[in-house]
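Colleague: just coords:
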């Protein structure tokens, strides 16, 4: 069932419990072919700002680029917090936080690699700490990772050199004192021409590892410390023109891998890789996951309807050149066959973007994830850059029903499950993954689950005020 509404949508989750999803659209300074990220600028208050960069209008390269940091004033109006004054065609960015400073690096199309830092005191007073004007890339990629195991994150980048004929790899090394220097990257890291570098924690080593999509190999590279990286797992059937996300998709404590892009067939394209531990992975293609073949965009993940399954936020272009920007709700781990939600603007018109970005964060600290979208729209047969802040205004979130105070233990469990944090429990119901009620009791602070088979269930508790509390239960 597809629903296009400016206001809300009712979503039937895989457990048979309804949640109400709603987003309010705010238009921000436009950008396409660029970046869109949430950045924390005040460590004491957790104040965040929105980093937007890219082409601000359709025109000749180098004429309409900008990178800005936007934030809200005391009247909740969006204002320009800081302007980086970059040429900003096809900017790619990475950032990290260190010693109460935020560091942001940019690689742009026209021979710029620049790094800025600001004290995290809310002022967003950035200072340039590194610049090079002989580095420029088509289809660039950049990530923050501690290459030499000195405890300071560095910037690793690649792309097709704008001033050269072959792709290469670059490294800007963190000196640990707020300054950076050019250094030689590890010899076995391949260049990523129209590919991707993404770093993330994929095991319990405490080190970020590398996911690399390139013309030479698509693989996970283990960071063994002191600049040594070893290829440990080949990512099969990966698409081209990709975006990589590293996130725990099945809530097992291990980050998984998503590679978004097309392979030209209906049963490949976006690939998911389940982390099995020890840097080993199991792959799932689009036929299994239900994720569409998209390119020139991104797919990111968050549990937006609080049903225990990750949902996919998709921005990009289908193989038939249709633009899509929507949520596919998760129906199981690594599967997205639930309903979908189409993002709409203030007038109720569908937002459809490509060549842009998706970022998810609770920017207003209300306990609900918001979505930042940038990209390229087609309006009246013309190209138009757009940026949208989709504020989550859902009315039936777990947080709004004081879910945080509700505790269920033990979990996982095999016999008795108990509850606390609710003054007067009237009923307890347990649903399986088909949405069928399999157990129930009344006026009790515990329930016996010995009759249940191993698997995942939803426990729904109602109190004397008819408020509903939900928790995912694993029966072992």
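Modeller: Done, it's in. Computed from a predicted model, the values in this text were never measured in an experiment.

Colleague: where along the chain do the helices fall?
Modeller: For the chain, the helices defined by DSSP state H cover 286-289.

Colleague: what is the least confident helix or strand in it?
Modeller: When each helix and strand of the chain is scored by mean pLDDT, DSSP states H and E, strand 2-3 comes last, with a mean of 31.

Colleague: which residues of the stretch 201-350 of the chain score low on pLDDT?
Modeller: For the stretch 201-350 of the chain, the stretches with pLDDT under 70 are 240-241, 263-269.

Colleague: 50 instead?
Modeller: Residue ranges of the stretch 201-350 of the chain with pLDDT under 50: 266-267.

Colleague: where exactly do the strands run in it?
Modeller: Along the stretch 201-350 of the chain, the segments classed as strands by DSSP state E, counting those that start in this stretch run 209-213, 218-225, 228-234, 243-247, 256-260, 271-277, 280-284, 294-302, 311-318, 323-328, 340-342.

Colleague: figure out which of these is closest to residue 386.
Modeller: In terms of Cβ to Cβ, the element of these nearest to residue 386 is strand 323-328, at 9.7 Å. The way it works is simple: take the backbone N, C-alpha and C, and place the C-beta from them, glycine included.

Colleague: partners of that closest one, with directions?
Modeller: strand 311-318 (antiparallel), strand 340-342 (antiparallel) (DSSP bridges).

Colleague: which residues does residue 313 form beta bridges with?
Modeller: Taking DSSP bridges as the rule, residue 313 bridges to residue 300, residue 327.

Colleague: wouldn't it be in contact with residue 297 here?
Modeller: No: contact between residue 313 and residue 297 fails when scored by Cβ atoms under 8 Å: they sit 10.4 Å apart.

Colleague: which one's more surrounded, these two?
Modeller: Between residue 313 and residue 297, residue 297 has the larger neighbour count (other Cβ atoms under 10 Å), namely 26 against 23.

Colleague: for the nearest residue to that one once chain neighbours are set aside, the count of nearby residues, please.
Modeller: Distances taken as Cβ to Cβ, 6 or more residues apart in numbering put residue 316 closest to residue 297, at 2.4 Å, once the chain neighbours are dropped. As a burial measure, residue 316 scores 29 neighbours (other Cβ under 10 Å).

Colleague: in contact with residue 316, which residues?
Modeller: By Cβ atoms under 8 Å, 6 or more residues apart in numbering, residue 316 lies in contact with 260, 294, 295, 296, 297, 298, 299, 323, 324, 353, 354.

Colleague: same list (those residues) but as TSV, adding distance to residue 277.
Modeller: Output for the contacts of residue 316, formatted as TSV (distance: Cβ to Cβ, whole Å):
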residue	distance to residue 277
260	24
294	29
295	31
296	34
297	31
298	27
299	24
323	38
324	34
353	36
354	36
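
Colleague: so which of the strands of the stretch 201-350 of the chain is nearest residue 200?
Modeller: Residue 200 lies closest, by Cβ to Cβ, to one member of the strands of the stretch 201-350 of the chain: strand 243-247, at 3.4 Å.

Colleague: and the closest one, how far from the chain's centre?
Modeller: Its chain's C-alpha centre and that of strand 243-247 lie 7 Å apart, by Cα atoms, centre = their mean, to the nearest Å.

Colleague: helices and strands around that strand, which ones?
Modeller: strand 196-200, strand 209-213, strand 256-260, strand 294-302 (3 or more Cβ pairs under 8 Å, 6 or more residues apart in numbering; DSSP states H and E).

Colleague: can you give me the buried ones in stretch 65-80?
Modeller: For stretch 65-80, the neighbour count (16 or more other Cβ atoms under 10 Å) marks 65, 66, 67, 68, 69, 70, 71, 72, 78 as buried.

Colleague: likewise for stretch 224-240?
Modeller: 227, 229, 232, 233, 235, 238, 239.

Colleague: how far does stretch 114-125 stretch from start to finish?
Modeller: In terms of Cα to Cα, to the nearest Å, the two terminal residues of stretch 114-125 are separated by 16 Å.

Colleague: now that stretch: average pLDDT?
Modeller: What stretch 114-125 shows for mean pLDDT is 96.

Colleague: what's in contact with that stretch?
Modeller: 40-45, 47, 49, 69, 71, 81-82, 84, 86, 97, 100-106, 126-132, 155, 172, 178, 180.

Colleague: and stretch 247-259, by the same measure?
Modeller: 196, 200-203, 211, 213, 218, 220, 235, 238-239, 242-246, 270-277, 281, 299-301, 308, 310, 333-334, 472.

Colleague: mind running it again at 7 Å?
Modeller: Contacts with stretch 247-259, where a contact means Cβ atoms under 7 Å, 6 or more residues apart in numbering, come from 200-202, 211, 213, 235, 238-239, 242, 244-246, 270-275, 277, 281, 299, 301, 310, 333-334.

Colleague: what segments of the stretch 1-150 of the chain are strands?
Modeller: Counting by DSSP E, counting those that start in this stretch, the stretch 1-150 of the chain has strands at residues 2-3, 9-12, 18-21, 23-28, 32-42, 47-55, 65-72, 78-83, 92-98, 101-108, 112-119, 127-132, 137-145.

Colleague: residue 412 is nearest to which of those strands?
Modeller: When the strands of the stretch 1-150 of the chain are compared by Cβ to Cβ, strand 18-21 sits nearest residue 412, at 23.9 Å.

Colleague: end-to-end on stretch 342-355?
Modeller: In stretch 342-355, first residue to last residue: 18 Å (Cα to Cα).

Colleague: that one: how far from the chain's middle?
Modeller: Mean C-alpha position of stretch 342-355 versus that of the full chain (Cα atoms, centre = their mean) differs by 19 Å.

Colleague: buried residues in it?
Modeller: Using 16+ other Cβ under 10 Å as the test for burial, stretch 342-355 gives 342, 343, 344, 351, 352, 353, 354, 355.

Colleague: ok, the second one - contacts?
Modeller: With contact taken as Cβ under 7 Å, 6+ apart, residue 343 is in contact with 23, 325, 326, 351, 373, 390.

Colleague: distance of it from residue 66?
Modeller: Distance check for residue 343 against residue 66: by Cβ to Cβ, to the nearest Å, it reads 23 Å.

Colleague: circling back: just the buried ones among the contacts of stretch 114-125, please.
Modeller: Burial by neighbour count, 16+ other Cβ under 10 Å: within the contacts of stretch 114-125 this picks out 40-42, 47, 49, 69, 71, 81-82, 84, 86, 101-106, 126, 129-130, 132, 155, 172, 180.

Colleague: low-confidence ranges, the stretch 51-200 of the chain, go.
Modeller: By pLDDT under 50, the stretch 51-200 of the chain has no low-scoring segment.

Colleague: could you rerun that using 70?
Modeller: Applying pLDDT under 70 to the stretch 51-200 of the chain flags the ranges 58-64, 87-88, 110-111, 134-137, 162-165.

Colleague: if we can go back for a sec, nearest to residue 363, out of the strands of the stretch 1-150 of the chain?
Modeller: Proximity to residue 363 (Cβ to Cβ) singles out strand 47-55 among the strands of the stretch 1-150 of the chain, at 5.2 Å.

Colleague: what's that closest one packed up against?
Modeller: Helices and strands touching strand 47-55, by 3 or more Cβ pairs under 7 Å, 6 or more residues apart in numbering; DSSP states H and E, are strand 32-42, strand 65-72, strand 370-379, strand 382-392.

Colleague: let's have those in JSON lines, adding distance to residue 161.
Modeller: Output for those, formatted as JSON lines (distance: least, Cβ to Cβ, whole Å):
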{"stretch": "strand 32-42", "distance to residue 161": "18"}
{"stretch": "strand 65-72", "distance to residue 161": "19"}
{"stretch": "strand 370-379", "distance to residue 161": "25"}
{"stretch": "strand 382-392", "distance to residue 161": "26"}
